[in-house]
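Novice: the following comprises the amino acid sequence and a computationally predicted model.
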Amino acid sequence: MNYAIISDGGKQFKVEEGQLLDIDFRPVSIGESIQFDQVLAARNESGIRIGQPVLAGAQVLAEVVSPVKGPKLVVQKFRRRKNSRRRTGHRQIYTRVKINQIEIP
């Protein structure tokens with residue numbers, strides 16, 4: 001079971017080859033390749049390697065599948081005894097990528 005732990009957009013993800021992953025939105029076209037250089041740790045047949053803080057020369061290659069919308073969040077603001085209420089919603093846009101290859105030197 002090969003996997004890598006990558007950092008992107010201030011978040012950490014555990015990824016495997018063939019996995020679909022939602023990352024922060026990027027204005028890239030469908031089918032374009034994305035490279036993740038911030039590999040914090042990786043595991044392959046020879047064992048696990050942990051970076052200090054990142055693994056030198058390691059990278060994860062992914063392909064853009066599509067932009068997607070996240071779940072709807074309801075934002076309610078309420079001030080008691082003031083007859084003041086406000087209700088709005090928000091849906092975050094993500095970029096869905098498919099992990100193609102994990103390269104560990």
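Specialist: Looks like it arrived, so ask away. Everything quoted here is computed from the prediction, not taken from an experiment.
Novice: name the element the residue nearest to K14 when sequence neighbours are not counted belongs to?
Specialist: Leaving aside its chain neighbours, K14 sits nearest to I5 (5.3 Å; criterion: C-beta to C-beta, 6 or more residues apart in numbering). Every residue, glycine included, has its C-beta placed from N, CA and C. With secondary structure defined by DSSP states H and E, I5 is part of strand 3-8.
Novice: need the contact list for Q38.
Specialist: Q38 is in contact with 6-8, 54, counting by C-beta atoms under 8 Å, 6 or more residues apart in numbering.
Novice: quick check: closest non-adjacent residue to it.
Specialist: In space, and not counting its chain neighbours, Q38 is closest to S7: 4.1 Å by C-beta to C-beta, 6+ apart.
Novice: thinking again about what came up before, of the contacts of Q38, which is the most crowded?
Specialist: I6 (26 neighbours; other C-beta atoms under 10 Å).
Novice: pretty sure that one contacts F13?
Specialist: Yes. Between I6 and F13 there is a contact under C-beta atoms under 8 Å: 5.5 Å.
Novice: OK, contacts around the spatially most central residue of the chain?
Specialist: Among the residues of the chain, the one closest to the centroid is I23, at 3.2 Å (C-alpha atoms, centre = their mean). Taking C-beta under 8 Å, 6+ apart as the criterion, I23 is in contact with 8-9, 13, 94-95, 97.
Novice: likewise I6?
Specialist: By C-beta under 8 Å, 6+ apart, the residues touching I6 are 12-13, 15, 36, 38-40, 60.
Novice: coming back round to it: measure the residue nearest to Q38 to R26 for me?
Specialist: According to C-beta to C-beta, to the nearest Å, S7 and R26 sit 15 Å apart.
Novice: do the same with R80
Specialist: 42 Å.
Novice: those two: which is more packed in?
Specialist: Between R80 and R26, R26 has the larger neighbour count (other C-beta under 10 Å), namely 14 against 6.
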